[in-house]
Every structure is written in C-alpha cells, then in structure tokens.
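Colleague: Fold the following for me, if possible:
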Amino acid sequence: MNIYVAGPISGQSYEQVLSRYERQTALLESSGFNVFHPMTGKRYLRNEIQFKARGYDNPVSTNHAIKNRDRWMVGQADVLLLDFTSSGDRVSIGTCMELAWADELNKHTVAILPKDNIHNHAFVLECCDIIFELEEDAMVYLNDLVRKQA
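Modeller: Modelled structure (predicted):
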C-alpha cells in the first residue's frame, strides 16, 4: 500500500524536515507501506538553513516541478498522512494543497493535528478523514490499516 507523508517545510532547516520524514518513513515501512514524501531525491538541498516557499532553480525544485511532482505522488498514494505538528505559527500552503488534491481524488487522509494548531480550519477539518492529536495514535491506526490489507 502506498502512503504519501506531508507536512510543513517552509521556514525549517533541511535537517529538521528530513529527520521527521526519515523517522516517519522508517515507522511506516516497517508496517509494510511504500512511502513517498516531498524530500525524496532532494539531497542537494542539505545545506539549506531555512527552506523558502518558492524560488529554487534546481530542475527538481522549481515551483512548477515541486507542485507537479507532489501532486503526482498524492495521486499514486492510497493513503495520506498529513503531519501539521511542526507548523508553528506559519500556515503550510503546500500541505493544504496536498490535502485538497487528496480530497478531490477520494484518497484516505489521516492527519496529526493538535487542537491549538494554526491549521484548525473548517476546510482542513472537513477534508481529513481521521484526525489524531498525537503521532503515536496515527501510527497505531496506520499500522492496523496496512496489516488488514495484507
């Protein structure tokens, strides 16, 4: 089963973002998922101290390439895990776009969204199939889900 893991990137360092995706990927792969995430194949960004929301000139990270590849990965996924926990006070437009694409494509969406998070908005709440406040609870659910499919 394919899963796409999404979450805020802008304003964070390469290490912050990659460590979150690597940890979540390891947990999900050990359960049996094939994992996609937005940082796949972007090791060249390892010196980024703070990701910006636009304006990269590498062919893999142009505005157009980022949007189209992430939309393609959402289309390949059976399930999306949207982790809003690292957003701070900055709205993640990319993660919200990925959630909207998933909703339009009728993908199963699971969010990690604390009650006091800036993304607690009617559109996000209505587009998410299941919302957990804690990552551990989301991982238990996803582990059970993929095992039922095997």
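
Colleague: mind listing the strands in this structure by residue range?
Modeller: Using DSSP state E, the strands of the chain run over 2-6, 34-36, 79-83, 108-112, 130-132.

Colleague: The fourth one: which residues count as buried?
Modeller: The one in question is strand 108-112. Using 16 or more other Cβ atoms under 10 Å as the test for burial, strand 108-112 gives 108-112. Glycine gets a C-beta too; all of them are placed from N, C-alpha and C.

Colleague: Also the first one?
Modeller: Taking 16+ other Cβ under 10 Å as the basis for neighbour counts, the residues of strand 2-6 that come out buried are 3-6.

Colleague: about what we covered before: can I get the strands of the chain in JSON lines including distance to Arg43 and mean pLDDT?
Modeller: Output for the strands of the chain, formatted as JSON lines (distance: least, Cβ to Cβ, whole Å; pLDDT from 0 to 100):
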{"stretch": "strand 2-6", "distance to Arg43": "17", "mean pLDDT": "98"}
{"stretch": "strand 34-36", "distance to Arg43": "16", "mean pLDDT": "96"}
{"stretch": "strand 79-83", "distance to Arg43": "21", "mean pLDDT": "98"}
{"stretch": "strand 108-112", "distance to Arg43": "25", "mean pLDDT": "98"}
{"stretch": "strand 130-132", "distance to Arg43": "30", "mean pLDDT": "98"}
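
Colleague: Fine, thanks again, bye for now.
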